[in-house]
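Trainee: Whatever this is, show me its structure:
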Amino acid sequence: MLRQLCCVLAFVVPSGLWADPLPSWSESRAKTEIVVFVEAVTDPSSEMFVPVADRIAVFDNDGTLWSEQPVYFQLIYAVEMLQDKAASDPSILTSDTLKAAAAGDWATLAQGGKEALIEVLDVSHSGMSVAEFQANAYDWVTTAQHPTSGLTYAQMTYQPMLELLSFLRDKGFATYIVSGGGIDFIRAIAEEAYGIPPEQVIGSQGALSYQVVDGVPMVVKGGGVVFVDDGPGKPVGIMRHIGKRPILAGGNSDGDLEMIEWTTSGDGPRLGVLVHHTDADREFAYDREGHIGVLNRGLDEANDRGWVLVDIAQDWGRVWSGP
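Mentor: Next up, the predicted model:
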């Protein structure tokens, strides 16, 4: 039904007669399907109308709202923190993974997958108050430079996705981040980068404890992981945090498949969006193979499931939000 409506709208509404809500997007089927869906569910006269209270959109972060190559940005940050800690206390390097991280051996870390990431995060982030951690993470994201682009990590958010977030909020949607990344790390930058407040960020969580240190009450990050917000964990995190099923979900990898599957399987109008990384010149090109952002089932099943597959090379006129 949605794709039929897209064709009708493209025929009856000449270009130039409406303000383009997604100017960094190329004129393509993907853009049309997204715009038509949003307009339809927010039009009181439409059969697809959805009340404001149910207009919930959720998005993965790494590879969906900002880049994730050559490795997750939080891992780069964690490795730098680990190196600083190990310089003063080498005894913290108790495993091959931690030793590889301290040595900057990215190949070994990549082979360790998510387990290696969690181990590095566990050691590098623990012992700090959440406030101290978030201030440190914010400074790093906004000043440190990416190893290949020369941009700061904050500048490597995707301009087309920022426009989509803004468009949705203008239409009465509540926008959430649902990421496998650490919740405290993303909350440090989410409001400034995406216009998404901390309470609308869902992510993986480590242990926290309340402590009074030198007379100052604080919440302190501890070791271990208490919740992994990835794969089947994403619908669980959404239900725990939001309490209802979204009507729009966006991701870029098979780690987002359960979130998109669950979102689009509900009653009424719903939309799933997958960002496909196809532009090696302006960004990165990857999908079926690799250590992160692997997209197999999503590519195979998107069309049959009616999900929008966004081809970066074809569908985005601009990539980065930064210069």
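Trainee: what about the closest residue to residue 254 other than its chain neighbours, how many neighbours?
Mentor: Distances taken as C-beta to C-beta, 6 or more residues apart in numbering place residue 297 nearest to residue 254, at 5.1 Å, with adjacent residues excluded. To be clear about C-beta, it is placed using only N, CA and C from the backbone, and glycine gets the same treatment. If you count neighbours by other C-beta atoms under 10 Å, residue 297 ends up with 13.
Trainee: and what of residue 57?
Mentor: 22.
Trainee: Mean confidence (pLDDT) on the stretch of helix or strand it belongs to, please.
Mentor: For residue 57, the element it lies in under DSSP states H and E is strand 56-59. In this model, strand 56-59 has a mean pLDDT of 99.
Trainee: Same question for stretch 45-53.
Mentor: Mean predicted lDDT for stretch 45-53 stands at 97.
Trainee: Mind listing what's buried along it?
Mentor: Buried residues in stretch 45-53, counted by 16 or more other C-beta atoms under 10 Å: 48, 50.
Trainee: got it, and stretch 301-317?
Mentor: Here stretch 301-317 shows 301-302, 305, 307-313, 315-316 as buried, counting by 16+ other C-beta under 10 Å.
Trainee: And stretch 138-152, by the same measure?
Mentor: Neighbour counts over stretch 138-152 (16+ other C-beta under 10 Å) mark 138, 140-141, 146, 149, 151 as buried.
Trainee: Span of it from start to end?
Mentor: Terminal residues of stretch 138-152 lie 11 Å apart, using C-alpha to C-alpha, to the nearest Å.
Trainee: now it, how far from the chain's geometric center?
Mentor: Between the centre of stretch 138-152 and the centre of its chain there are 17 Å (C-alpha atoms, centre = their mean, to the nearest Å).
Trainee: Also stretch 289-309?
Mentor: 16 Å.
Trainee: Can you tell me what sits against it?
Mentor: 2-3, 30, 33-34, 62-63, 68-69, 71-72, 110-111, 113, 251-257, 260-261, 264, 271-274, 276-277, 286-288 (C-beta atoms under 8 Å, 6 or more residues apart in numbering).
Trainee: Return the alpha-carbon coordinates of it using PDB.
Mentor: C-alpha atoms of stretch 289-309 as PDB (Å, rounded to 0.1, in the frame of the first residue of the first chain):
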ATOM      1  CA  GLU A 289      31.700  -9.300   5.100                       C
ATOM      2  CA  GLY A 290      33.600  -7.600   7.900                       C
ATOM      3  CA  HIS A 291      34.100  -7.400  11.700                       C
ATOM      4  CA  ILE A 292      31.300  -4.800  12.200                       C
ATOM      5  CA  GLY A 293      28.200  -3.600  10.500                       C
ATOM      6  CA  VAL A 294      27.600  -7.000   8.700                       C
ATOM      7  CA  LEU A 295      24.400  -6.900   6.600                       C
ATOM      8  CA  ASN A 296      23.300 -10.300   5.200                       C
ATOM      9  CA  ARG A 297      19.800 -11.000   6.200                       C
ATOM     10  CA  GLY A 298      18.800  -7.400   5.800                       C
ATOM     11  CA  LEU A 299      20.000  -7.300   2.200                       C
ATOM     12  CA  ASP A 300      18.300 -10.600   1.500                       C
ATOM     13  CA  GLU A 301      15.000  -9.800   3.200                       C
ATOM     14  CA  ALA A 302      14.400  -6.100   3.000                       C
ATOM     15  CA  ASN A 303      12.400  -6.000  -0.300                       C
ATOM     16  CA  ASP A 304      10.100  -8.900   0.700                       C
ATOM     17  CA  ARG A 305       9.500  -7.400   4.100                       C
ATOM     18  CA  GLY A 306       8.800  -4.000   2.600                       C
ATOM     19  CA  TRP A 307      11.700  -2.200   4.300                       C
ATOM     20  CA  VAL A 308      13.400   0.800   2.700                       C
ATOM     21  CA  LEU A 309      17.000   0.000   1.700                       C
END
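Trainee: can you tell me the distance between the two ends of stretch 179-196?
Mentor: 13 Å.
Trainee: hmm, back to that, just the buried residues of stretch 138-152 now: which is nearest residue 229?
Mentor: Closest approach between the buried residues of stretch 138-152 and residue 229, by C-beta to C-beta: residue 141, at 19.2 Å.
Trainee: who touches that closest one in this structure?
Mentor: 73, 77, 152-154, 188-189.
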